[in-house]
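1. Build the 3D model from these lines:
(chains A, B, C and D)
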Protein chains: 2
Amino acid sequence: MGRKRLHDAADGRPTVHTVAARAGVSIASASRVLNGVGGSAETVRRVREAAAAVGYVPNAIARSLQSQRTGLIAFAVEDIGNPVYVAMMRAIEAVVAESGRQLLVHATSGQVASETALLRRLAHRYVDGMIISPIRVTDSHVEAMTASPVPVVVIGQLPDAVPVDNVRTDSRTGAGLAVDHLVAGGRTRVAFLNGPLDTVPGVARDAGFRAAVARHGMSADLIEVGDFQYAAGRAAAERLLARSRPDAIVCANDLIAVGALHALLVSGLRVPEDVALVGMDDTELAQMSYPQISSVSLGSEIRGRLAAQLLLDRIADAGLPPRREQVPPSLVIRASSGGGA
Amino acid sequence: MGRKRLHDAADGRPTVHTVAARAGVSIASASRVLNGVGGSAETVRRVREAAAAVGYVPNAIARSLQSQRTGLIAFAVEDIGNPVYVAMMRAIEAVVAESGRQLLVHATSGQVASETALLRRLAHRYVDGMIISPIRVTDSHVEAMTASPVPVVVIGQLPDAVPVDNVRTDSRTGAGLAVDHLVAGGRTRVAFLNGPLDTVPGVARDAGFRAAVARHGMSADLIEVGDFQYAAGRAAAERLLARSRPDAIVCANDLIAVGALHALLVSGLRVPEDVALVGMDDTELAQMSYPQISSVSLGSEIRGRLAAQLLLDRIADAGLPPRREQVPPSLVIRASSGGGA
DNA sequence: GCTCCTTGTGTAAACGTTTCCGGAAGTCTG
DNA sequence: CAGACTTCCGGAAACGTTTACACAAGGAGC
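-> Have a look, this model is predicted:
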């Protein structure tokens, strides 16, 4: 009927007009009842009944346009295949869900262009805030983040001058912990398999490793660089074994460590008897391997939780001064370095 | 100035009114230029310049309200920690991105309540479509899917009567492939570590395993059930070894297989010499293990790609009859069952 | 020189909500 | 019972876009 078409949405679904008409009240009253604010007992009853009868569901887009917020939080991550990000995501999701919002995840493939595009898209206001964990931080990142009209929280290092909330760890020290542990276990030829040196974690871990071996009076020549993936770790370990014979290997993350473990076992070396191994990030991958891999924990769950909290706080009060949280690294010793079972 | 406030958004950001005023044209003209449709050379120049000068970015919410579409596609997945979903996600993302849309991922933790809540939330119209891969399909799932005003595509089995696009595989046959391969390799005591029997893949794989062992005249008593996780796989394998001595194990997915491998190695058994192992899903986990694990591929990338294509087609034309795609399983043989390196 | 078509423009009405504001009715106080 | 106060309601204006429609100006065709 004409009457009906006037109140339904373009696609024929009921709107607040439909409900109001059916209940015989104004749209203002209908909206109030549906939002649980005000309304006489009778009005509430009639509106509720009408809404149920037509199967009314509010249109989130329209609501967002009016309220200026979407209830969505984004988490942008470069490699969703890396369990460390899955751990962070779970922690973030818990906090976000508790605030009644929804988390959505974007995979950026670590492309700077794709990350900044995502950041810029924030200006479109499709989400209320974003948590991003970039492994490279370029000028265009910084510019896009500071220009963003919606709050951004960074998990990772950031130049001090950038006025953006962030939560960081100290993977430089973390790499040192790994070396110290191996040296304490009597290892004298400690190698390092790192990720790219044009990444923030790459340089931090490189510095940490070099400082640590120097501290122990050892040379830092057993270094191989690839990317932060399994295949690269395996390839790097093969290159390393082809040119030298280390008795311990520190890896810049667990994916690399699993790759290295594979290479070691293939070449007939025993872990930890012949070569001790330590990973980083302390992901479930480290526990799933055999032998289980010692790993430097960088507190991914904690960092995720803190980041989410920082973001929610800033959404609640945009005037807050930029905050910075630091999570200390710790070493989890397992069989691959001669520890636990 | 009052002038300015009149045209800017509530938060002080420029709107199309701001741009129009600055360019000295109507908002209609401004909008047309910004969308690249129409406008005289002079108007185009002025509007472009004004937009650049004030740093105008269109508000996606307002645009969506008008256009009735958001350009967002959701992928709902029960366990983002399972690499098979990561593989699907990558495939989906590729297709979705090519269509100029964005993919967002929701983790449901496999909770029926959470999945149906997500499906119902589709009615809010925040996304243009959703791909979901539920491991349990309840009546409330089916009801929520059919009632959804936005298209839904299911990856996985679905009752035939449900008029929803879906892409399925045949993991029943897949389990059979694994058994056949092991028997052909001379194994006679083949066990099966499965996921929960109240899940769709759980029952399919159970049926496939039972049919296959029966076909070979073997009994199906070496079955342990847990959930689809690493820890459950490891525990199930330990239970199995405590009560029997199989010479081959089929696992309902790769996570379980990695857990089983761990248990086998811990108990001093050699793989594949003492016990052969076959997983399912053919994820990167299977290749990362040592020895590498044979696995039944269920074509996750292909399924993801097909699902995305189905969804985009339906978004383009809602009138399409429901479609159904089938991807055959295939066995990838690796070292854990005596094959390759 | 008149009509007809094309092109460009502006006004205004959507899209589906929420909310401000003024008024009507009811309740309490003295 | 008059006045002040509360409660509830409806009209209308937002939120920031896109777009249907009407109209004006200009060129082509006769």
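
2. how near is the closest residue to DNA strand C within chain A to A:Tyr290?
-> The nearest approach of chain A to DNA strand C comes at A:Ala9, 2.5 Å away (C-beta to the nearest atom of the strand). To be clear about C-beta, it is placed using only N, CA and C from the backbone, and glycine gets the same treatment. Here A:Ala9 is placed at a distance of 57 Å from A:Tyr290 (C-beta to C-beta, to the nearest Å).

3. which of those two has more neighbours?
-> A:Tyr290 (20 against 16; other C-beta atoms under 10 Å in any protein chain shown).

4. any idea whether the more buried one is helix, strand or coil?
-> Using DSSP: H, G, I helix; E, B strand; the rest coil, the structure places A:Tyr290 in coil.

5. So what does the closest residue to it other than its chain neighbours look like in phi/psi?
-> With C-beta to C-beta, 6 or more residues apart in numbering or on different chains as the criterion, A:Tyr290 has its nearest non-adjacent residue at 4.6 Å, and that residue is B:Leu265. For B:Leu265, the backbone dihedrals (degrees, to the nearest 10) come out as phi -60, psi -40.

6. if I look at A:Leu193, how far off is A:Gly202?
-> From A:Leu193 over to A:Gly202 (counting by C-beta to C-beta), the distance is 11 Å.

7. Need the overlap of contacts for these two.
-> Common neighbours of A:Leu193 and A:Gly202, counting by C-beta atoms under 8 Å, 6 or more residues apart in numbering or on different chains, are A:Val225, A:Ala252.

8. give me every residue that touches the nearest residue in space to A:Ala60 that is not next to it in sequence.
-> In space, and not counting its chain neighbours, A:Ala60 is closest to B:His124: 3.7 Å by C-beta to C-beta, 6+ apart. Contact analysis of B:His124 by C-beta under 8 Å, 6+ apart lists A:Val57, A:Pro58, A:Asn59, A:Ala60, A:Ile61.

9. ok, now A:Ala51?
-> A:Val19, A:Ala23, A:Ala30, A:Leu34.

10. where do the helices sit along the stretch 151-300 of chain A?
-> Secondary structure of the stretch 151-300 of chain A (DSSP state H, counting those that start in this stretch): helices located at A:171-184, A:200-215, A:230-243, A:254-266, A:284-288, A:300-316.

11. Between A:Leu193 and A:Gly202, which has more neighbouring residues?
-> A:Leu193 (31 against 20).

12. Quick check: the more buried one touching A:Ala252?
-> Yes: in terms of C-beta atoms under 8 Å, A:Leu193 counts as a neighbour of A:Ala252; the distance is 6.4 Å.

13. Flag the shaky bits of the stretch 201-341 of chain A, pLDDT-wise.
-> Counting by pLDDT under 70, the stretch 201-341 of chain A contains low-confidence ranges at A:340-341.

14. those strands in chain A, which residues are they?
-> A:72-77, A:102-107, A:129-133, A:152-155, A:165-169, A:190-194, A:223-225, A:248-251, A:276-280, A:294-297, A:324-327, A:330-332 (DSSP state E).

15. quick one: which of the contacts of B:His124 is nearest A:Leu104?
-> Relative to A:Leu104, the closest of the contacts of B:His124 is A:Ala60; by C-beta to C-beta it sits at 13.4 Å.

16. Could you chop chain A up by domain?
-> A:2-58, A:70-167+A:300-326, A:171-297+A:331-337 (automatic domain parsing).

17. Just the closest of the contacts of B:His124 to B:Arg323, please.
-> The nearest one, if we look at the contacts of B:His124 relative to B:Arg323 and count by C-beta to C-beta, is A:Val57, at 26.6 Å.

18. Next, count neighbours for the residue nearest to A:Gly38 when sequence neighbours are not counted.
-> Spatial nearest neighbour of A:Gly38, chain neighbours left out: A:Arg32 (4.6 Å); criterion: C-beta to C-beta, 6+ apart. Residues lying near A:Arg32 (other C-beta under 10 Å) number 17.

19. circling back to that earlier point, pick the most buried one from the domains of chain A.
-> domain A:171-297+A:331-337 (a mean of 22; mean count of other C-beta atoms under 10 Å in any protein chain shown).

20. who's in contact with A:Asp282?
-> A:Asp254, A:Ser295, A:Val296, A:Ser297, A:Leu298, A:Ser300, A:Val332.

21. coming back round to it: can you tell me which of the contacts of A:Ala51 are in helices?
-> Among those, the ones falling in helices (DSSP state H) are A:Val19, A:Ala23, A:Ala30, A:Leu34.

22. residues in contact with the third one?
-> In other words, A:Ala30. Applying C-beta under 8 Å, 6+ apart, the residues contacting A:Ala30 are A:Val16, A:Val19, A:Ala20, A:Ala23, A:Val47, A:Ala50, A:Ala51.

23. Then the second one?
-> By C-beta under 8 Å, 6+ apart, the residues touching A:Ala23 are A:Ala30, A:Thr43, A:Arg46, A:Val47, A:Glu49, A:Ala50, A:Ala51.

24. Of those residues, just say which sits nearest to DNA strand D.
-> After measuring the contacts of A:Ala23 against DNA strand D - C-beta to the nearest atom of the strand - the closest member comes out as A:Thr43, at 3.2 Å.

25. Am I right that that closest one is in contact with A:Ser26?
-> No: if you go by C-beta under 8 Å, A:Thr43 and A:Ser26 don't touch, sitting 9.9 Å apart.

26. Which neighbours do these two have in common?
-> By C-beta under 8 Å, 6+ apart, no residue touches both A:Thr43 and A:Ser26.
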